[in-house]
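[1] sequence first, predicted coordinates after that:
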Amino acid sequence: MSTTLLVIQHISHEGPGLIGRLAIDRGMCIQTIHVNRGESLPEPSTCRNCIALVLGGPMGVNQRDDPSMEWLRHELDWLSRWHQQKKPVLGICLGAQLLAVAAGGSVEPLKVGEPAAALKELGLGAIHWLVDPGEEPLLDGMESSAMVLHWHGDRIRLPQEATLLGSSLHCPEQVYKIGQHAIGLQCHLEVTESELEHWIEADRSYVVNAIGRDGPNQLLQDWKQVGKQIPRNGKHLFTNILSQLEALSRS
């Protein structure tokens, strides 16, 4: 029986990207659930041979108590049950934040400096690994650092059981794992150039607010200079992640 990649999507333009293509290449089935549209999540106990992929979005975990965001609270409750049953899950950006909170962590605005000032970490930049890639199966074959896309204004406070794997200059909690079944990435490695263009168009005001009026053009220029590293790094990392999670889904 093939593995199902259960894609939990929060906004139309942020899809699984590279992860979905790698999953299809592995013979996985893809089932997409648009939770923001009221689509129902399956009961975790009924899911067999499934990996949950929880994607990003402009909303924040701490909005879950807003009456207009009731679906987000329901999703977090669902993810808590999924995690408690140790089912395989990969969270990206908002998904990584939801996963951390589901496991007992928290999320707060990203601040830097003294006195601390709010920061939106947005643009292409490096993360560095805090463990030897040769000693961590998820990072096998990776260099000591990786170029990624940042697009967030919050930071994760990890639950005690989590292991931090990667950090950036401004945000320590970039890549983490909980046991073997749960992996979170605050950063993005699933995005291609064409998808980045859609993101910029859909979220232009956020980009301008974060990095200035010329931010959209600068992002695209930066991608043309170093952006090809991102899908290359993503293919390597997500292949390792899918291999681990797929094996767990069948155990």
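    Looks like it came in fine.
[2] tell me the spacing between Leu72 and Leu242.
    26 Å (CB to CB, to the nearest Å). For every residue, glycine as well, the C-beta is placed using N, CA and C.
[3] try Thr32
    Distance from Thr32 to Leu242, by CB to CB: 17 Å.
[4] equivalent analysis for Trp82, please.
    When Trp82 is compared with Leu242 (using CB to CB), they lie 17 Å apart.
[5] looking at the two, which has the bigger crowd around it?
    Trp82 (27 against 23; other CB atoms under 10 Å).
[6] these two touch, right, the more buried one and Ala52?
    Yes - Trp82 lies in contact with Ala52 (CB atoms under 8 Å); the separation is 5.9 Å.
[7] quick check: neighbours shared by the two?
    Val89 (CB atoms under 8 Å, 6 or more residues apart in numbering).
[8] next secondary structure element downstream of the helix or strand harbouring Leu196?
    Taking DSSP states H and E as the criterion, Leu196 maps to helix 193-202. Remark: after helix 193-202, the chain's next helix or strand is helix 204-211, criterion DSSP H and E.
[9] identify the residues contacting that following helix?
    Residues outside helix 204-211 that contact it (CB under 8 Å, 6+ apart): Pro58, Lys120, Leu122, Gly123, Gly153, Ile200, Gly215, Pro216, Gln218, Leu219.
[10] which ones are touching the first one?
    The neighbours of Pro58, taking CB under 8 Å, 6+ apart as the test, are Ile11, Asp203, Tyr206.
[11] pLDDT score for it?
    Pro58 is assigned a pLDDT of 95 by the prediction.
[12] okay, how far is it across stretch 146-164, tip to tip?
    From its first residue to its last, stretch 146-164 covers 15 Å (CA to CA, to the nearest Å).
[13] what mean pLDDT would you report for that stretch?
    Mean pLDDT, stretch 146-164: 98.
[14] again, but for stretch 44-51
    95.
[15] same question for stretch 120-137.
    The model assigns stretch 120-137 a mean pLDDT of 97.
[16] show me what counts as buried in it.
    By neighbour count on 16 or more other CB atoms under 10 Å, the buried set for stretch 120-137 is Lys120, Glu121, Leu122, Gly123, Leu124, Gly125, Ala126, Ile127, Trp129, Pro133, Glu136.
[17] now, the residues you listed that are in helices?
    Using DSSP state H, no member of the buried residues of stretch 120-137 sits in helices.
[18] what segments of the stretch 101-250 of the chain are strands?
    106-109, 111-112, 117-118, 121-129, 145-152, 154-157, 162-167, 175-178, 182-185 (DSSP state E, counting those that start in this stretch).
[19] for the ones you listed, which one ends up most surrounded?
    strand 182-185 (a mean of 27; mean count of other CB atoms under 10 Å).
[20] what sits up against that one?
    For strand 182-185, contacts defined as CB under 8 Å, 6+ apart pick out 83, 88-93, 95-97, 99-100, 103, 138, 156, 174-178, 241, 245.
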